[in-house]
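Engineer: I would like the atomic coordinates for the input below:
(2 chains)
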Amino acid sequence: MTEIEITNLSKNFQYTEKDQNKIFEVYNDFNLTINKYEFVSIVGPSGCGKSTLLQMIAGLEKNYIGEIKCATNLNNKNLGYMFQTPRLMPWLTVLENLKICASEESIKNNSPQKYLDKFQLSDFSNTYPNRLSGGMRRKVSIARTFINDPDLILLDEPFTSIDLPVANALREDFILKAKESNVTLILVTHDLKEAIMFADKIVFLSPRPAKIIHQHQIDIERPRKLDGDRVIKEYNSILSNFPNILEGKI
Amino acid sequence: MKKNTRDWHVRVASLVFLILAWSISSYFINSRLFPQPLNVIQSLIYNTLEGSLISDCYITLTRALSAFFIAMILGSIIGISLGRFKRWDSFFDSWVILGLNIPALVVAIMCYIWLGMNDLALITGVVINKLPLVIINLREGTKAIDNSYIQVGRVYQLSKFQVIQKIILPQLYPYFLASTRSGLSLIWKIVLVFELLGRSSGVGFMLSLNFQMFDIAAILAYSLAFITLVLLIEYLIVAPIERKVSGWRV
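Structural biologist: Numbering: from 1, shown residues only, chains lettered A, B, ... in the order given. Alright, predicted model coming up:
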């Protein structure tokens, strides 16, 4: 069953350079299908439009040509989104940050407190985010992503710029929770090992205007470790078959 | 806590030193044009009990607060609009700069000529003086709003009211507070000038009266009374509000 169907997507950005209006194409006639409950990693070189794709799926970026069909009704607090930075409101406490994003039903079920307990954040419920470590802020951000038991989760390189051990622990927590929850998940990353760790399928993009250059099925049993033998083996196998794939060339 | 206590001691010591330096210098100068602190206190008590100090302070405070609230409300609406709409900002920018540079005295004279020697002219003039400062503060605050938090609000389907209350206003509070602080200190001084020029009541009028009689003790007594009032507003109203809305920064 299809969760997301992107057809004939074209997207341009306009910018001004030396008083001249210029346009660059991010997508031109782009097509992608993602199945329900599938975990998909999108890998491509920097600036190829990976984050823009997530923003278009989430409805944050509406200025495009083509069609993005989503089986999930995103107007019903049914989406979880982890951005590159945690984006916690610094003027709200940890608990308030969760409550403001929670649906009425989640509030009724006391989900904010339950998720704080689940991620060992209960002692910090009344703390402001600027007094938490980077890893703990990400944990709050993860809790917020799951707060409404969403059907679709979008992850935009959420584990970059934090310590490797903390990032690994967060990734494992995240995947565990996501698999329990029956969600469709799209991860955008330029880290191939991370992509393998998360995905049932990896979609490789070219530089812009982005095209799909390769789709790779990952059949490794879960749970997976970022530096586990099977992930490393798959990583080596992809790179030996397609040495320039991370630069968007095949 | 210890640091706060030490700070408090330093502040009191500084005040005592100022009064002591004033007493000693006025003792040696020995002129009725430079009265001792004790004479000022005596004048303060006399004008409070026998004179019209309380009613004059009340009248001036009412005028100052009326002008302050009108300037804050109008300035906020205009400032936020200019920050939000670039075209409007470009159109009105020179008006704001013009308003910022018109001398208060010119506005006072023009308002009294156009509107008559009444409170309406006084309040209008003070508002015109204060308005550009509020507009500039709020305009810059609106431009500095971090849209990434608004995106979080859109992903989690926050209502417009929630976005304004929980995401936009907290980012504008520091600018409101800066306008409040600068506004209060500016407005009460301008109100005195306006009263001195064209009203027959209020602290400004009494300063002018005492100036004509060379009663320096009374001038200082009236100033002291009004400064105390403004400080009370600062410490009892503005500072607690600031602590409440900016507590997360500590």
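Engineer: residues of chain A that sit close to chain B?
Structural biologist: When proximity is defined as Cβ under 8 Å from any Cβ of the partner chain, chain A approaches chain B at A:58-60, A:75-77, A:79, A:81, A:83, A:85, A:87, A:89-92, A:100-101, A:128, A:130, A:144, A:148. Any C-beta I mention is one placed from the backbone N, CA and C, and that applies to glycine too.
Engineer: next SSE after the lengthiest helix in chain A?
Structural biologist: Longest helix of chain A, by residue count under DSSP state H: helix A:164-180. Moving toward the C-terminus from helix A:164-180, the next helix or strand (DSSP states H and E) is strand A:184-189.
Engineer: need the contact partners of that next one.
Structural biologist: A:3-4, A:34-43, A:50-51, A:53-54, A:57, A:72, A:151-157, A:178, A:194-195, A:198-199 (Cβ atoms under 8 Å, 6 or more residues apart in numbering or on different chains).
Engineer: run the angle between the helix or strand of chain A with the lowest mean pLDDT and strand A:184-189 for me.
Structural biologist: The least trusted helix or strand in chain A, going by mean pLDDT, DSSP states H and E, turns out to be helix A:164-180, with a mean of 87. Relative orientation of helix A:164-180 and strand A:184-189, computed by axes from the mean of the first three to the mean of the last three Cα atoms, to 10 degrees: 160 degrees.
Engineer: remind me what helix A:164-180 packs against, helices and strands.
Structural biologist: helix A:134-146, helix A:192-198 (3 or more Cβ pairs under 8 Å, 6 or more residues apart in numbering or on different chains; DSSP states H and E).
Engineer: so how far is that helix from its chain's centroid?
Structural biologist: 13 Å (Cα atoms, centre = their mean, to the nearest Å).
Engineer: buried sites along that helix?
Structural biologist: A:166-168, A:170-171, A:173-175, A:177-178 (16 or more other Cβ atoms under 10 Å in any protein chain shown).
Engineer: hey, C-alpha coordinates of stretch A:166-179 in CSV?
Structural biologist: Provided in CSV are the C-alpha atoms of stretch A:166-179 (Å, rounded to 0.1, in the frame of the first residue of the first chain):
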residue,chain,number,x,y,z
VAL,A,166,25.1,9.8,22.3
ALA,A,167,24.0,9.9,18.6
ASN,A,168,24.2,6.1,18.4
ALA,A,169,22.2,5.6,21.5
LEU,A,170,19.5,8.0,20.3
ARG,A,171,19.4,6.3,16.9
GLU,A,172,18.8,2.9,18.5
ASP,A,173,16.1,4.4,20.8
PHE,A,174,14.5,6.0,17.9
ILE,A,175,14.4,3.0,15.6
LEU,A,176,13.1,0.8,18.5
LYS,A,177,10.3,3.2,19.2
ALA,A,178,9.5,3.7,15.5
LYS,A,179,9.3,0.0,14.8
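Engineer: just want the most central residue of chain B.
Structural biologist: The residue lying closest to the centre of chain B (Cα atoms, centre = their mean) is B:L184, at 1.0 Å.
Engineer: domain assignment for chain B?
Structural biologist: Using automatic domain parsing, the domain parsing of chain B gives B:1-30, B:39-249.
Engineer: give me the phi and psi for A:E221.
Structural biologist: Backbone torsions of A:E221, given as degrees, to the nearest 10, read phi -70, psi 150.
Engineer: ok, and the closest non-adjacent residue to it?
Structural biologist: A:R230 (7.5 Å; Cβ to Cβ, 6 or more residues apart in numbering or on different chains).
Engineer: now the helix or strand hosting that neighbour: buried residues?
Structural biologist: For A:R230, the host element (DSSP H and E) is helix A:229-241. The neighbour-count criterion (16+ other Cβ under 10 Å) identifies A:231, A:234-235, A:238 as the buried residues of helix A:229-241.
Engineer: dump the residue contacts of B:T142.
Structural biologist: Counting by Cβ under 8 Å, 6+ apart, B:T142 makes contact with B:79-80, B:82-84, B:172.
Engineer: typo on my end, it should be A:N75
Structural biologist: Contacts of A:N75 (Cβ under 8 Å, 6+ apart): B:Q157.
Engineer: A:D149 too?
Structural biologist: Listed by Cβ under 8 Å, 6+ apart, the contact set of A:D149 reads A:106, A:111, A:181.
Engineer: show me what contacts B:Q151?
Structural biologist: B:Q151 sits next to A:60, A:83, A:87 when contact means Cβ under 8 Å, 6+ apart.
Engineer: and the residue nearest to the spatial centre of chain A, helix, strand or coil?
Structural biologist: Nearest to the mean C-alpha position of chain A, by Cα atoms, centre = their mean, lies A:L155 at 1.2 Å. Following DSSP: H, G, I helix; E, B strand; the rest coil, A:L155 is assigned to strand.
Engineer: hang on, the earlier thing: I'd like to know which of the contacts of A:D149 are buried.
Structural biologist: A:106, A:111.
Engineer: could you dump the contacts of A:D149 to JSON lines with pLDDT and distance to B:E50?
Structural biologist: JSON lines is the format used below for these (pLDDT from 0 to 100; distance: Cβ to Cβ, whole Å):
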{"residue": "A:S106", "pLDDT": "93", "distance to B:E50": "67"}
{"residue": "A:S111", "pLDDT": "91", "distance to B:E50": "67"}
{"residue": "A:S181", "pLDDT": "85", "distance to B:E50": "78"}
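Engineer: of the contacts of A:D149, closest to A:S161?
Structural biologist: A:S161 has its nearest neighbour among the contacts of A:D149 in A:S181, at 25.9 Å by Cβ to Cβ.
Engineer: now for the closest one: which residues touch it?
Structural biologist: Taking Cβ under 8 Å, 6+ apart, we find A:S181 in contact with A:146, A:149-150.
Engineer: save the contacts of B:Q151 as CSV, and put in neighbour count, secondary structure and pLDDT too.
Structural biologist: What follows is these, written out as CSV (neighbours: other Cβ atoms under 10 Å in any protein chain shown; DSSP: H, G, I helix; E, B strand; the rest coil; pLDDT from 0 to 100):
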residue, neighbour count, secondary structure, pLDDT
A:L60, 18, coil, 94
A:F83, 20, coil, 94
A:R87, 20, coil, 96
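Engineer: tabulate the residues you listed (JSON lines), appending distance to B:G204.
Structural biologist: Below are the contacts of B:Q151 laid out as JSON lines (distance: Cβ to Cβ, whole Å):
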{"residue": "A:L60", "distance to B:G204": "55"}
{"residue": "A:F83", "distance to B:G204": "55"}
{"residue": "A:R87", "distance to B:G204": "50"}
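Engineer: buried set for the host helix or strand of B:L186?
Structural biologist: If you go by DSSP H and E, B:L186 is part of helix B:169-198. Residues B:170-180, B:183-184, B:186-198 are the ones in helix B:169-198 that count as buried (16+ other Cβ under 10 Å).
Engineer: hang on, the earlier thing: in ChimeraX, how would I select the buried members of the contacts of strand A:184-189?
Structural biologist: The ChimeraX selection below is limited to those of these classed as buried (16+ other Cβ under 10 Å):
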select /A:3,4,34,38,39,40,41,42,43,50,51,53,54,57,72,151,152,153,154,155,156,157,178,194,195,198,199
